[in-house]
Structures are given as structure tokens and as C-alpha cells.
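S.K.: prediction below, plus the sequence it came from.
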Amino acid sequence: MLSFVVPAHDEQATIGAVVAAIDSAARSAGVEFEVIVVDDSSTDATAVLAEAAGARVVPVALRQISAVRNAGAAEAKGTVLVFVDADTLINAKVVAGLVSAIGQGAIGGGSAIRFDLPHPRWVDWVMPPALWLGRRARLAAGCFLFCDARVFRAVGGFSEEVFAGEEILLSRRLHREGEFVILPEPVETSARKLRTYSSWQLMALVLRILAAGHRGLRERQGLGLWYGPRRADTERRE
């Protein structure tokens, strides 16, 4: 069985569509599955909408993405864990691809990604080399990662020493344990952060993290892109 784990904080705008996409994709792929939405201190209707869409809701108050994902994994019954962000849409080809990869001996992986529209023009220039590097380095994007549940628990799950970048650390751990693949089938994730932060703000954040190294990810302060107040996404297409 596949256990889809969706960490969520104030995601009422997208959570219904995300759960519906998972349900449709898994049913089309013909697999047994469950959907767990880990509602982390939401102040909106995230939990209500997730439950209405068919998900099992697990409430937590952690405000740390890695810990929220681990909390969902602890509740999961499946032999394969699939972590999907609450603003990311998957499809049947992605589910079929991960099932095939696991069946052929892979212990986990990620997928190609594409951003929804509209997004800044520079994204179309940056994404091809970024996807190539991610595939070469066997690094899953944070919005979508899957793995064998036993191996996930054996390597300690997502690192709770960091507040961002935990998917990179887990990708490396899993890659050391066995075959870790990046599926060519893309998931579609929201470009809202690219729409609500300027390119200069994003560049400054990246440079600050690079300068601080691993140390810069050990506390929530300075990571407003992930933990700051939600900025209004006025350009989002319904």
C-alpha cells in the first residue's frame, strides 16, 4: 500500500485539489493507498477541507517541516511512503512510475517538477539545468519524494536538526542505502513563492544560506520563505 503524506499549514486554497489529485492518480494507477494530511497549527479551514476531500487528518503543532513529515510517516500503514507538498499536484503517470521503480528494486526517489502559471520568465531558463543536476546528483525536490517505509525508518527519516533542506539530506541517506531514482514524469508544484518574492529576495536568501552552510538551516529565524507570514498570491490562476 502507498501512504501519501501531505504536510500542511494554512493551505485551504490548495489542499482540496491536492488530495483530489492524489485520489484520482492512485485510483487510475490501480493501487491501494491512503492519504494523510498532517495539519500543522493551521488557522484556516485546511483540516476541514482535507477531511472533506477524503484524507485522514493528523493534527500537530510543530512548525518544522521535517518533523511534520515524520509525524505523518509515523501514522502511515503503507509499505511505501510518498511525501507530497500541499501545493503540489501529482498524476497517474507519476504514481505508476514510482510503483514501477519500487518494483524494479529502487528504494526511493523523486520526480521532475514543473511550476504552475504564471511564473517569472527566468524560471524557464533555470529549470532545465536544475533538473539535470538534480537527476545526476540523485536529489529529490522537496515537493515530492517517495521511499520504502522500512528504509525510511532505518535511516531515521527526515532530519529534525534542520528547518529546511531536509529532503536533500534524506536523498543522500537513501542513495547510500540503495538505488534512488528521479522519475522523468513531472509533478506540478505552485510557483507562489516565485510570484510573491522578488528574484533579488530569493537570490539574497540563497546566498545567505550558502554563506552560513548547514548552520544556517538549524533554526527557523532567517527562513521566512518557508516559515514567514503567507504573502497574498494575487496572480494565482484558479
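M.R.: Everything's here; your move. Numbers count the residues shown, from 1 in each chain.
S.K.: show the subsequent helix or strand relative to the longest strand anywhere in the chain.
M.R.: When the chain is parsed with DSSP state E, its longest strand is strand 180-189. Using DSSP states H and E, the helix or strand that follows strand 180-189 in sequence is helix 192-196.
S.K.: hang on, the earlier thing: so for the longest strand of the chain, mean pLDDT?
M.R.: Confidence over strand 180-189, taken as the mean pLDDT, stands at 96.
S.K.: just how off-centre is that strand within its chain?
M.R.: In terms of Cα atoms, centre = their mean, to the nearest Å, the centre of strand 180-189 is found 11 Å from the chain centre.
S.K.: partners of it in the sheet?
M.R.: Take DSSP bridges as the rule and strand 180-189 pairs in its sheet with strand 88-89 (antiparallel), strand 108-115 (parallel).
S.K.: next, format those as JSON lines and append distance to residue 134.
M.R.: Heads up, the C-betas are built off the backbone N, CA and C, glycines and all. Shown next, in JSON lines, are the strands paired with strand 180-189 (distance: least, Cβ to Cβ, whole Å):
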{"stretch": "strand 88-89", "distance to residue 134": "15"}
{"stretch": "strand 108-115", "distance to residue 134": "7"}
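S.K.: how about the ones you listed in a markdown table, adding mean neighbour count?
M.R.: Converted to a markdown table, the strands paired with strand 180-189 look like this (neighbours: other Cβ atoms under 10 Å):
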| stretch | mean neighbour count |
| --- | --- |
| strand 88-89 | 22 |
| strand 108-115 | 22 |
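S.K.: got those as TSV, with mean pLDDT and distance to residue 54 columns?
M.R.: Listed next are the strands paired with strand 180-189 as TSV, based on pLDDT from 0 to 100; distance: least, Cβ to Cβ, whole Å:
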stretch	mean pLDDT	distance to residue 54
strand 88-89	98	16
strand 108-115	96	23
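S.K.: to residue 231, which of these lies closest?
M.R.: strand 108-115 (16.3 Å; Cβ to Cβ).
S.K.: buried residues in the very next helix or strand once past the closest one?
M.R.: Scanning forward in sequence from strand 108-115 by DSSP H and E, the next helix or strand is helix 121-137. Going by neighbour count (16 or more other Cβ atoms under 10 Å), the buried part of helix 121-137 is 127, 131, 134, 135.
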